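# Below are the sequence and a predicted model for it; my questions follow.
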Amino acid sequence: MLFNSIQYLIFLPTIVLLFWVLPVRVRLPMLLVASYYFYMSWSPVFILLILPMTLFNWLWGKLLSKAAAKAKLVLTVGITVNLLILGTCKYADLFVHSAGWLVGVATKHNPGWALNWILPLGISFFTFEFIHYLFEIYRGQKPIKSFVLFALFAAFFPTQIAGPIKRYPDFEAQMLADQKLKLSFFDDGVPLIVIGLAKKLLLADNLGVFVQMGLAEPTAYGAPETWLFMYAFLFQIYFDFSAYTDIARGSARLFGYNIPINFNLPFFAKNISDFWHRWHISLSSWLRDYLFIPLGGSRGGDWVTHKNMLITMGLGGLWHGASWNFLIWGLYNGLLLVIHREFAKWKESVGFLKALSKTRLYGVLSIIATFHGICLGMVFFREQNLALSLGMFKKMVLLNPIFSKLEIDHFLVLNPLLPVIVPVSMTLIALLMITNFPVSTAIERGFFKRLPALIKAAYCALLIVGIITFLPDDSRPFIYFQF
């Protein structure tokens, strides 16, 4: 059941209506049943994973809270069990396939080993929520007494498949609050859902068509077109994932719950560290709190800090998917963090650079450089064939070739409109970003919900007309569903 499907647009109002008309004591059990139904709508067999994991972590949290001297051992066992389940479901096929490749290198005959397992939806997200829960109990928080509350914390359908990753003390407090139906819940939630649908259907999906056209055969294009396609892909994934977050936050708001934002104008980041404070905030903060800091953070000198950065970002990249290209993408971002940290220290020791860094020009140049650094690394995120991704990376760095021979000899013959399509597409992408900027700013900075209701209603009405008018022929699943 996709957020951008007719089924969800029927399912959500039905559950919201039931939630507010039912007696208070049965609201949360009903919401839990609805969340499991939502999860099972993809494949009923998935319940055989999330339900036992939920029961285990609920019971293990109770045991951990009473473990006293053995708390660290109990925590380690609990985290290990969660990671083993995640690793088996998500990475076993990768390791088996890689083992087959190594056999092929040694014997000149690849046996083609593969498990071809179907990745359970949302497992990366709710596993991280379980690990966070155990960590916080180890640090002194009290466990959730009610199984229904704990199960709903992990299974809550707006955030179940692709986050944002919730923090349990805050969400538990909201579930236990004596909520009264308020018009403001709908005043805040409905516009977020409409704006999210518009981002997904009008921006992300249409950009996706353009990206697919270019990256279906990446060797066919020169460096300028490759950069253009990667610009489009970075915007596509931003619109796609921020759309999911908007719909998730809007859906949760209809029940009176507040879900944290996941983006804060990431393309205005002035350095790579700033970017990761603005992009996929719930994941980057989770990696900081439960991986980087436990590894030692920045407490052990430069070498240890750099090592911890690379480990954290490498594992964060691998979290995104069972493919070595994601590991390379994560390590690339870790390397950018290391370079930024060293450059920031060196800059302070050079007089003219220190003075220049306080100017507006330096700020603008920093934003441009950060954006292009992120965009360059996205070739590893988008292209799983390592040879192709490395070729694209080299092409973009060296700006060579400007025009590929295949493009001149083949694509211009088959696509005589290509010289028109590229500049027109570039203009459309720029217009999409410019027109979306005020709305993204208003949402991600919290201004939108403070606008007069009439303005919000008129804007949403225009978006609905736009969605109906320019709806793409085939809407795609959200990109982060595969993680």
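Ah, there it is. Owing to the predicted nature of the structure, the values given are computational and were not obtained by experimental measurement.
# Now Ile165: phi and psi?
Note on Ile165: backbone dihedrals following degrees, to the nearest 10 are phi -70, psi 120.
# That one - nearest residue in space that isn't next to it in sequence?
Ranked by Cβ to Cβ, 6 or more residues apart in numbering and with sequence neighbours excluded, the top spatial neighbour of Ile165 is Ser282, at 4.0 Å. C-beta: built from backbone N, CA, C; applies to glycine.
# Kindly report the same for Tyr257.
Tyr257 sits nearest to Gln174 (Cβ to Cβ, 6+ apart), 5.1 Å away.
# quick one: contacts for that neighbour?
If you count contacts by Cβ atoms under 8 Å, 6 or more residues apart in numbering, Gln174 has them with 256-258.
# what's the answer for Pro143, then?
Taking Cβ under 8 Å, 6+ apart, we find Pro143 in contact with 58, 61-62, 64-65, 137.
# Counting neighbours, which of the residues you listed comes out on top?
The most neighbours of any of the contacts of Pro143, using other Cβ atoms under 10 Å, belong to Ile137, which has 25 neighbours.
# Okay, it and Ser124: tell me how far apart.
Ile137 sits 21 Å away from Ser124, going by Cβ to Cβ, to the nearest Å.
# Kindly report the same for Asn271.
Asn271 is 27 Å from Ser124, by Cβ to Cβ.
# Which residue of these two possesses the greater neighbour count?
More crowded of Asn271 and Ser124, by other Cβ under 10 Å: Ser124, with 23 against 20.
# give me phi/psi at Ala198?
phi -70, psi -40.
# What separation do you get for Phe126 and Ala204?
24 Å.
# what do you get for Leu86?
Counting by Cβ to Cβ, the gap from Leu86 to Ala204 is 27 Å.
# ok so, going back, surely the residue nearest to Ile165 touches Asn262?
Yes. Applying Cβ atoms under 8 Å, one finds Ser282 in contact with Asn262, separated by 5.5 Å.
# who's more crowded, the two?
Asn262 (27 against 22).
# Now do the same for the more buried one: helix, strand or coil?
coil (DSSP: H, G, I helix; E, B strand; the rest coil).
# Please report how far it lies from His280.
Counting by Cβ to Cβ, the gap from Asn262 to His280 is 6 Å.
# same thing with Gly112?
Gly112 is 35 Å from His280, by Cβ to Cβ.
# what do you get for Tyr168?
For Tyr168, the distance to His280 equals 19 Å [Cβ to Cβ].
# likewise His306?
Distance from His306 to His280, by Cβ to Cβ: 22 Å.
# Counting neighbours around each, name which of the two comes out higher.
His280 (22 against 18).
# The more buried one reaches Asn264, doesn't it?
No. Look at His280 against Asn264 with Cβ under 8 Å: they stay out of range, at 10.5 Å.
# What is the neighbour count of Leu55?
13.
# still on that earlier bit, going by distance to Ser35, which of the contacts of Gln174 wins?
Tyr257 (12.4 Å; Cβ to Cβ).
# wait, what's in contact with that closest one?
Contacts here follow Cβ under 8 Å, 6+ apart; on that basis Tyr257 touches 156, 171, 174-175.
# Helix or strand for Phe56, just tell me which one.
helix 47-65 (DSSP states H and E).
# Alpha carbons only: can I get that helix in PDB?
What follows is helix 47-65 as a C-alpha-only set of coordinates in PDB (Å, rounded to 0.1, in the frame of the first residue of the first chain):
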ATOM      1  CA  ILE A  47       4.400 -10.300  10.000                       C
ATOM      2  CA  LEU A  48       6.400 -13.400  11.000                       C
ATOM      3  CA  LEU A  49       9.400 -11.100  11.200                       C
ATOM      4  CA  ILE A  50       8.300  -7.900  12.800                       C
ATOM      5  CA  LEU A  51       6.000  -9.500  15.500                       C
ATOM      6  CA  PRO A  52       8.700 -11.900  17.000                       C
ATOM      7  CA  MET A  53      11.300  -9.100  16.800                       C
ATOM      8  CA  THR A  54       8.900  -6.800  18.700                       C
ATOM      9  CA  LEU A  55       8.200  -9.400  21.400                       C
ATOM     10  CA  PHE A  56      11.900 -10.200  21.800                       C
ATOM     11  CA  ASN A  57      12.900  -6.500  22.200                       C
ATOM     12  CA  TRP A  58      10.000  -5.800  24.600                       C
ATOM     13  CA  LEU A  59      10.900  -8.700  26.900                       C
ATOM     14  CA  TRP A  60      14.700  -8.000  26.500                       C
ATOM     15  CA  GLY A  61      14.200  -4.400  27.500                       C
ATOM     16  CA  LYS A  62      12.500  -5.500  30.700                       C
ATOM     17  CA  LEU A  63      15.400  -7.900  31.400                       C
ATOM     18  CA  LEU A  64      17.900  -5.200  30.600                       C
ATOM     19  CA  SER A  65      16.300  -2.700  33.000                       C
END
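# same for that helix, what does it pack against?
Using 3 or more Cβ pairs under 8 Å, 6 or more residues apart in numbering; DSSP states H and E, the elements in contact with helix 47-65 are helix 24-40, helix 71-107, helix 123-138, helix 147-155.
# Go through the ones you listed and name the closest to Val397.
With Cβ to Cβ as the criterion, Val397 lies closest to helix 71-107 of the helices and strands packed on helix 47-65, at 26.9 Å.
# Give me the buried positions along that closest one.
Residues 71, 74-75, 78-79, 81-82, 85-86, 89-91, 93-94, 97, 100 are the ones in helix 71-107 that count as buried (16 or more other Cβ atoms under 10 Å).
# chain center to that helix: distance?
In this view, helix 71-107 has its centroid 22 Å away from the chain centroid, taken as Cα atoms, centre = their mean, to the nearest Å.
# same for it, what does it pack against?
On a contact count with 3+ Cβ pairs under 8 Å, 6+ apart, helix 71-107 meets helix 47-65, helix 123-138.
# so which of those helices is the most packed in?
helix 123-138 (a mean of 22; mean count of other Cβ atoms under 10 Å).
# Using PDB, write out every CA atom in it.
Output of helix 123-138 as PDB, limited to C-alpha atoms (Å, rounded to 0.1, in the frame of the first residue of the first chain):
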ATOM      1  CA  ILE A 123      13.500  -3.800   8.500                       C
ATOM      2  CA  SER A 124      16.300  -1.200   8.500                       C
ATOM      3  CA  PHE A 125      14.200   1.400  10.100                       C
ATOM      4  CA  PHE A 126      12.400  -0.600  12.900                       C
ATOM      5  CA  THR A 127      15.600  -2.500  13.700                       C
ATOM      6  CA  PHE A 128      17.300   0.800  14.400                       C
ATOM      7  CA  GLU A 129      14.400   1.800  16.600                       C
ATOM      8  CA  PHE A 130      14.700  -1.400  18.600                       C
ATOM      9  CA  ILE A 131      18.500  -0.900  19.000                       C
ATOM     10  CA  HIS A 132      17.800   2.700  20.100                       C
ATOM     11  CA  TYR A 133      15.300   1.500  22.600                       C
ATOM     12  CA  LEU A 134      17.800  -1.000  24.200                       C
ATOM     13  CA  PHE A 135      20.500   1.600  24.300                       C
ATOM     14  CA  GLU A 136      18.300   4.100  26.100                       C
ATOM     15  CA  ILE A 137      17.200   1.600  28.700                       C
ATOM     16  CA  TYR A 138      20.900   0.800  29.300                       C
END
